[in-house]
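[1] give me the fold of what follows.
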Amino acid sequence: MPFVFSGVRLAFAIPWKVEALTEVFGSSNGVGFQIRYAFQAFSITNVMAWTLLFIALMLLIERGLALVESRVFRWRTWEQTA
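    Alright, predicted model coming up:
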């Protein structure tokens, strides 16, 4: 099971980066498009806002996966070494 959760985390991390990059260069809607549009309009405030929104969404998904993982492995006893 640990390998499955590692794979799921990796499967969410890489495609989101690729998706944002493809939206920046080839889409007419989405977060990547909004970042590019704000950049072309010299609106650094909007670029930062859209970028931070994207980062917050990724962190939320990552923490959600970590929460699910901790609940699945709740039965394990974790021994800490000094």
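
[2] now for residue 72, how many residues are close by?
    Residues near residue 72, counting by other Cβ atoms under 10 Å, number 13. Any C-beta I mention is one placed from the backbone N, CA and C, and that applies to glycine too.

[3] gap between it and residue 26?
    Plainly put, residue 72 is 38 Å away from residue 26 if you go by Cβ to Cβ, to the nearest Å.

[4] kindly report the same for residue 19.
    From residue 19 to residue 26 the distance is 11 Å (Cβ to Cβ).

[5] have a look at the two and say which one is more surrounded.
    residue 19 (15 against 10).

[6] enumerate every residue touching the residue nearest the centre of the chain.
    For the chain, the residue lying nearest the average C-alpha position, counting by Cα atoms, centre = their mean, turns out to be residue 58 (2.3 Å). By Cβ atoms under 8 Å, 6 or more residues apart in numbering, residue 58 lies in contact with 13, 16.

[7] that one: what secondary structure?
    Here residue 58 is recorded as helix under DSSP: H, G, I helix; E, B strand; the rest coil.

[8] repeat for residue 28
    coil.

[9] can you check the pLDDT for it?
    Here, the pLDDT recorded for residue 28 equals 83.

[10] where does it fall, phi/psi-wise?
    Dihedral pair for residue 28: phi -110, psi 10, per degrees, to the nearest 10.

[11] that one and residue 16, how far apart?
    In terms of Cβ to Cβ, residue 28 sits 19 Å off from residue 16.

[12] and the two? Which one has more around it.
    In terms of neighbours (other Cβ under 10 Å), residue 16 is the more surrounded of residue 28 and residue 16; the figures are 15 against 7.

[13] sweet, I'm off.
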